[in-house]
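S.K.: Starting from these lines, generate the structure:
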Amino acid sequence: MNRKPNLKDVAKLAGVSAITVSRVLTTPEKVSDKLRQKIEQAIHELGYIRNHAASALASNRSGVLAVIIPSLSNIVFNEVLQGIYSAVKPHQLQVILGDCHYSPLEEEKLIATLLSQAPEGVILTGTDQTDYARKLLQNAGIPVVQLMELTDQPIDINIGFSHLDAGMAMTQHLLARGYRRIGFLGARMDPRTQQRLAGFKRAIEDWNLTQARESQALCQQFVVTTSQSSSIKLGGQLLQAVMAESQGQCDAVFCCNDDLALGALFEARKMNLRVPADLAIAGFNDLEASALVEPGITSVAAPRFAMGKQAVELLMQKASGNQAEFPPIDVGYSIMVRGST
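M.R.: Got it, this is the predicted structure:
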C-alpha cells in the first residue's frame, strides 16, 4: 500500500466496522479485550497513524495533553513531569511535550502549534506568557494550568509557591545564623530567579532597617549574576567573582539553585575556605546531590511531583465539566537546613 492507511483500511483488515475501530481508539474500555487486541494488531500491521484532530472532532476528545517546560536538561522539571505522567494514565491521555528554552516567544510559538493538535488541556511552567499567548489560551476554550509560581492574574488554574517569599526565608535563615556579608549568585535570571533575588534584597533591607533603628551594624550584600545557563562549573566561577567583589569578606552565599551551590562548595574547598565556618552556602530546589555531599547543602524544597500530579487532576476536573473557579493554590516550600549553613 503506497498511500497512507486510514481508519477504513484498519476496519477491513480486522473484519470490523470503522465505528468499532474508532471506539477502540477513543474508549477502549468499552470493547472486549479479544476484539481490542485484534484491532490493535491490524493497526500495527498497517502502520496506521491516528488523526488526532479528526478524532477530536468526531468524539470531542483528542486524548492529548500539551505540556511546555523551559528545559529538558534541567532535572528540576523531571520531578514535575513524573507527577504529570503518574496522573495521565487513568485518564488515557498522551502527553505532547514542548521545550521553550526559557523563551516567552518560543513558548508562544509552541502554544500555537500544540493548540492545533486539539489538546484537552495545556500545562505551562511559570506565569510570564506573552499577551498573544494568553489570548490564544483564553480563546482555546480548554483548561490551562500555570505551574511552579503564583500570580494574581492566572489564565485559568494556577499551582505554585512564592519564589520571593522563599528567597526572603532563606536569606533570613542566613541572617539568623549570624552571617552579615552575604552574596547572591544568580544564573540565567529567568523570572523565578529574579523573584528569589528580590526576596534576598528585601530580607536584607528589612534587617538593616531594624538594625539602623537600634544603632547596630548593618548587613552588606554582594550580588553577582549572569545570563549564562546554570552549571556546577559556573557556580565556582561566580563564587570567585563574589569573593573578588567583597575583597574576600563575603561570609555566606545564597545561590539561585543547587547547581551553583554545588559549584560554590567545590570551589570553596579549592580556596581553602571552611564551610560553614568561613563561608556558608545555601541553594534552591533541593536536588538529591545536595543532601549527599559533605557538608550537605541547605536548600529550598518544594513539592514538584505533587504539583505536576495535581495539575492533571484539576485539569481533568475542568475538562469533565467542573466549571468552578479555582483560586491560586499555594503548595508552599521548606527550608532544608544542612551542614553548609
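S.K.: any idea how far the spatially most central residue of the chain is from N285?
M.R.: For the chain, the residue nearest the mean C-alpha position is F77 (4.6 Å; CA atoms, centre = their mean). Separation of F77 from N285 (CB to CB, to the nearest Å) stands at 10 Å. C-betas here are computed from N, CA, C, even on glycine.
S.K.: follow-up on the earlier one: am I right that the residue nearest to the centre of the chain sits in a helix?
M.R.: Yes: inclusion of F77 in a helix is indicated when DSSP: H, G, I helix; E, B strand; the rest coil is applied.
S.K.: Point out where the stretch 1-150 of the chain drops to low pLDDT.
M.R.: For the stretch 1-150 of the chain, applying pLDDT under 70 flags the ranges 1-2, 50-61.
S.K.: Now do the strands in it.
M.R.: For the stretch 1-150 of the chain, the strands identified by DSSP state E, counting those that start in this stretch occupy 64-69, 94-99, 121-125, 144-149, in order along the chain.
S.K.: Determine the set of other helices and strands touching whichever helix in the chain runs longest.
M.R.: Identified as the longest helix of the chain according to DSSP state H is helix 191-213. Judged by 3 or more CB pairs under 8 Å, 6 or more residues apart in numbering; DSSP states H and E, the packing partners of helix 191-213 are strand 144-149, helix 163-176, strand 181-187, strand 220-226.
S.K.: at 10 Å what do you get?
M.R.: The criterion is 3 or more CB pairs under 10 Å, 6 or more residues apart in numbering; DSSP states H and E, and the helices and strands that helix 191-213 contacts are strand 144-149, helix 163-176, strand 181-187, strand 220-226, strand 252-255.
S.K.: Pick the most buried one from these.
M.R.: Highest mean neighbour count of the helices and strands packed on helix 191-213: strand 252-255, a mean of 30 (counted as mean count of other CB atoms under 10 Å).
S.K.: Pairing partners for that one, with directions?
M.R.: Strands adjacent to strand 252-255 in the sheet, as given by DSSP bridges, are strand 181-187 (parallel), strand 280-282 (parallel).
S.K.: Redo these as a markdown table? Include mean pLDDT and distance to L65.
M.R.: Written out in a markdown table, the entries for the strands paired with strand 252-255 read as follows (pLDDT from 0 to 100; distance: least, CB to CB, whole Å):
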| stretch | mean pLDDT | distance to L65 |
| --- | --- | --- |
| strand 181-187 | 98 | 30 |
| strand 280-282 | 98 | 36 |
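S.K.: which one of these lies closest to D128?
M.R.: With CB to CB, the closest approach to D128 among these belongs to strand 181-187: 16.7 Å.
S.K.: Pull the distance from the closest one to the chain's centre.
M.R.: A distance of 23 Å separates the centroid of the chain from that of strand 181-187, by CA atoms, centre = their mean, to the nearest Å.
S.K.: The nearest residue to M148 once chain neighbours are set aside: what secondary structure?
M.R.: The spatially closest residue to M148, leaving aside those adjacent along the chain, is G160, at 4.9 Å (CB to CB, 6 or more residues apart in numbering). Reducing the assignment at G160 to three states with three-state DSSP gives strand.
S.K.: begin at 18 from here
M.R.: In the new count, where the first residue is 18, that last one comes out as G177.
S.K.: G177 reaches R209, doesn't it?
M.R.: Yes: between G177 and R209 there is a contact at 9.2 Å, judged by CB atoms under 10 Å.
S.K.: Helices along this structure, start to end?
M.R.: 24-31, 35-43, 50-63, 69-76, 93-105, 121-132, 148-157, 180-193, 208-230, 249-262, 275-287, 305-309, 321-336.
S.K.: quick one, which of the ones you listed is packed in tightest?
M.R.: helix 275-287 (a mean of 23).
S.K.: same for that helix, what does it pack against?
M.R.: In terms of contacts (3+ CB pairs under 10 Å, 6+ apart), helix 275-287 is packed against strand 198-204, helix 249-262, strand 269-272, strand 297-299, helix 305-309, strand 316-318.
S.K.: Residues touching the last one, excluding its own?
M.R.: Contacts made with strand 316-318 from outside it, assessed by CB atoms under 10 Å, 6 or more residues apart in numbering, are listed as 178, 180, 183-184, 186-187, 190, 213, 271-272, 274-275, 278, 298-304, 307-308, 349-355, 357-358.
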